[in-house]
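> what's the 3D shape of this:
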Amino acid sequence: MEWLNVILVVFLIVSAIAVERTRDLLSAVIIFSAYSLMMSVLWLILKTPDVALTEAAIGAGVNCILFIAVISRTKRFEK
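Reported below is the predicted structural model:
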């Protein structure tokens with residue numbers, strides 16, 4: 001179980017850096033959604049299912065839909 005925590009934390013760090021480094025906004029939203037899903041798994045491992053459910057619903061669900069709606073109304077690539 002300890003190795004799973006380490007792998008999840010490393011994935012979270014790598015995905016946070018990837019979101020910051022990417023120039024394509026849609027790719028950044030997808031990576032951010034994966035970050036939120038892995039964060040909800042980490043909350044579940046830490047035995048906080050209420051926080052995990054909220055993170056999955058709000059972080060990966062609602063934020064992703066809102067970000068994609070905004071990107072569809074703007075240009076996709078950042079200058």
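> now name the helix or strand holding the closest residue to residue 49 other than its chain neighbours.
Distances taken as Cβ to Cβ, 6 or more residues apart in numbering put residue 43 closest to residue 49, at 7.8 Å, once the chain neighbours are dropped. For glycine as for every other residue, the C-beta is placed from the backbone atoms N, C-alpha and C. Using DSSP states H and E, residue 43 sits within helix 25-45.
> packing partners for that helix?
For helix 25-45, the packing partners by 3 or more Cβ pairs under 8 Å, 6 or more residues apart in numbering; DSSP states H and E come out as helix 2-21, helix 49-54, helix 63-73.
> hang on, the residue nearest to residue 49 packs against residue 60?
No - contact criterion Cβ atoms under 8 Å: residue 43 and residue 60 do not qualify, at 12.0 Å.
> common neighbours of those two, please.
Common contact partners of residue 43 and residue 60 (Cβ atoms under 8 Å, 6 or more residues apart in numbering): none.
> quick one: the helices and strands packed on helix 25-45 as CSV, columns for distance to residue 31 and mean pLDDT too.
Listed next are the helices and strands packed on helix 25-45 as CSV, based on distance: least, Cβ to Cβ, whole Å; pLDDT from 0 to 100:
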stretch, distance to residue 31, mean pLDDT
helix 2-21, 5, 93
helix 49-54, 20, 93
helix 63-73, 11, 91
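> for residue 60, see how far away the residue most central in space within the chain is.
Closest to where the C-alpha atoms of the chain average out (Cα atoms, centre = their mean) is residue 35, at 2.6 Å. Distance from residue 35 to residue 60, counting by Cβ to Cβ, to the nearest Å: 9 Å.
> same thing with residue 51?
For residue 51 relative to residue 60 (Cβ to Cβ), the value is 13 Å.
> go on, residue 52?
Taking Cβ to Cβ, one finds residue 52 at 11 Å from residue 60.
> quick one, what contacts the residue lying closest to residue 42 once chain neighbours are set aside?
Once flanking residues are discounted, residue 42 sits nearest to residue 8: 4.9 Å by Cβ to Cβ, 6+ apart. By Cβ under 8 Å, 6+ apart, residue 8 lies in contact with 38, 41, 42, 45.
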